[in-house]
Every structure is written in structure tokens, then in C-alpha cells.
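**Student:** below: sequence and its predicted model.
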Amino acid sequence: MDHSAQQHAGRSHEKMREVLMHPDAPGPAIHYHMIRGGSGARNITVWQPGTVGAEYIKTYGHYHVGALDEVYWTLQGEGVAIIQKRAEGADGPIDDEIEDAYAVHVRPGDALYMPPGWGHLVVNVGPTFFVTADDSPVDFGESDGVSLPGHADYEPVRRMRGFAYYVVDEAGKPRLVPNPLYRRAPDIRIIAAADYPLKRES
Ligand SMILES: O=P(O)(O)OC[C@H]1O[C@H](O)[C@H](O)[C@@H](O)[C@@H]1O
């Protein structure tokens with residue numbers, strides 16, 4: 001089957017306003033570009049450089065549905081990944097209580113593991129396009145499988161207007177700003193990829 005005409009999508013500023021620190025700040029029409037080939041051919045994501053109301057351009061962010069995990073390989077540019085785990089309540093995860101979180105500085109050659117259940121987004125903190133490859137699956141049978149795949153849950157992120165931390169530009173350097181809508185989140189710092197402890201179990 002030739003899916004090449006359906007393989008790409010862009011995340012619009014209108015959609016991103018749901019999760020921005022400053023939703024009314026101006027931004028590029030498209031924040032990032034996605035090309036999906038699935039776990040075999042890989043998915044490629046290209047972030048625009050720049051900021052929106054001081055916040056660096058980022059992906060929307062999502063939690064995986066079910067036990068799906070994912071690896072991101074940085075191909076070009078400089079990024080910060082935010083990975084966060086919600087507390088578990090009697091009725092499932094509690095969206096505004098983050099039990100554990102990491103902010104990881106990534107550069108070309110770094111591979112970053114996103115474990116099942118952990119939410120993840122990635123921010124472009126450099127002056128160039130930021131480009132990654134990843135191995136999450138794609139289903140072209142879904143109505144919007146490239147832009148909004150069924151294995152990703154965006155709703156908790158929309159409700160919380162983003163993740164527990166926004167990554168903002170402060171005099172040319174990334175700084176974490178807590179999202180005040182979260183009731184609980186660990187106090188974290190940006191760490192190097194070499195110090196990130198989560199790994200795929202083989
Ligand atoms: O799904 P979003 O939060 O918009 O983030 C976008 C990215 O997320 C996933 O992890 C995909 O596998 C990437 O290929 C995609 O480009």
C-alpha cells in the first residue's frame with residue numbers, strides 16, 4: 001500500500017494554543033511537522049526554532065494509551081524533553097498530581113526512552129530546526145492517525161493547559177517554569193541525557 005500522500009501533518013498554532021503558557025502570544029502558523037512511517041520506517045518530527053511568548057516551541061505532549069513505550073533519537077539541533085508520571089488514584093491516574101518528572105537536555109546522538117504511562121513532550125531550545133526520529137506505531141486506517149494517533153491521549157494535557165513545566169527562554173538559556181494548574185509536581189532541574197536513568201528493559 002502506498003501511504004506516502006497521508007504520511008505528513010503539521011501541528012497548528014490554533015491547536016497549540018490549548019497548551020501554551022501564553023495562549024494569546026503570536027506564533028508560527030505551524031509549530032512542528034510530523035512524518036509518520038511507524039515503528040518500521042520510523043517517524044520524523046521537525047520543530048520550528050523560536051519562542052511563543054518566551055516559551056520555546058514544543059510538541060503538544062501526550063500520554064500513551066496502554067503499555068506502549070517509545071524511543072526518540074535526536075538527529076539535529078538542541079532540545080529539552082519533559083517526561084512526567086502522574087500519581088495513581090483509585091479511579092486511575094490523577095492529572096494534576098505528578099509523582100515523578102525529568103527534564104532532559106538532548107543533542108544529536110542522544111536516544112531518550114519514554115516508558116509506558118509517562119507523558120512526554122519535546123522542546124526546541126536551539127536556533128535551528130530540531131529534528132528527531134522515533135519508533136512509535138502508525139495506523140493509516142485511523143481518521144487522523146498521523147496528526148492525532150489513537151495510541152496517544154491528549155485530553156489530560158489539554159485540561160491542564162500543558163505539562164507540569166513550561167520551558168522558557170531566559171537570556172538565551174532554557175529555564176523551567178512551573179504550570180500553576182498542577183497541585184503537585186517534583187522540583188526538577190534540566191539534566192544531561194547521560195544522567196537520565198530510564199531505559200528500555202531488554
Ligand atoms: O503527538 P504530539 O504530542 O503532538 O507530539 C508529536 C510527536 O509525538 C509522537 O511521539 C510521535 O511518535 C512523533 O512522531 C510525533 O511527531
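**Tutor:** Received it, and whenever you're ready, just let me know what you need.

**Student:** quick check: which ranges of the protein have low pLDDT?
**Tutor:** Low-confidence segments of the chain (pLDDT under 70): 202.

**Student:** center of it, which residue is that?
**Tutor:** L121 (1.4 Å; CA atoms, centre = their mean).

**Student:** I'd say V46 and V131 touch.
**Tutor:** Yes. At 5.2 Å, V46 counts as touching V131 under the criterion of CB atoms under 8 Å. Backbone N, C-alpha and C define where each C-beta goes, glycine included.

**Student:** re the thing from before, for the residue nearest to the centre of the chain, list each beta-bridge partner.
**Tutor:** I82 (DSSP bridges).

**Student:** what residues does the residue of the chain positioned farthest from its centre make contact with?
**Tutor:** Most distant residue from the mean C-alpha position of the chain: M1, 29.4 Å away (CA atoms, centre = their mean). Residues in contact with M1, defined by CB atoms under 8 Å, 6 or more residues apart in numbering, are F140.

**Student:** ok, it to the ligand distance?
**Tutor:** 20 Å (CB to the nearest ligand atom, to the nearest Å).

**Student:** also G38?
**Tutor:** Applying CB to the nearest ligand atom to G38 and the ligand gives a distance of 9 Å.

**Student:** now the nearest residue to that residue once chain neighbours are set aside: which helix or strand?
**Tutor:** Of all residues not flanking G38 in the chain, V138 sits nearest, at 3.8 Å (CB to CB, 6 or more residues apart in numbering). V138 belongs to no helix or strand when assigned by DSSP states H and E.

**Student:** hang on, isn't R200 packed against A111?
**Tutor:** No. R200 is not in contact with A111 according to CB under 8 Å; the separation is 9.3 Å.

**Student:** so those two - more neighbours on which side?
**Tutor:** A111 (16 against 11; other CB atoms under 10 Å).

**Student:** apart from its chain neighbours, what residue comes closest to that one?
**Tutor:** W73 is the one closest to A111 (CB to CB, 6+ apart), at 5.1 Å.
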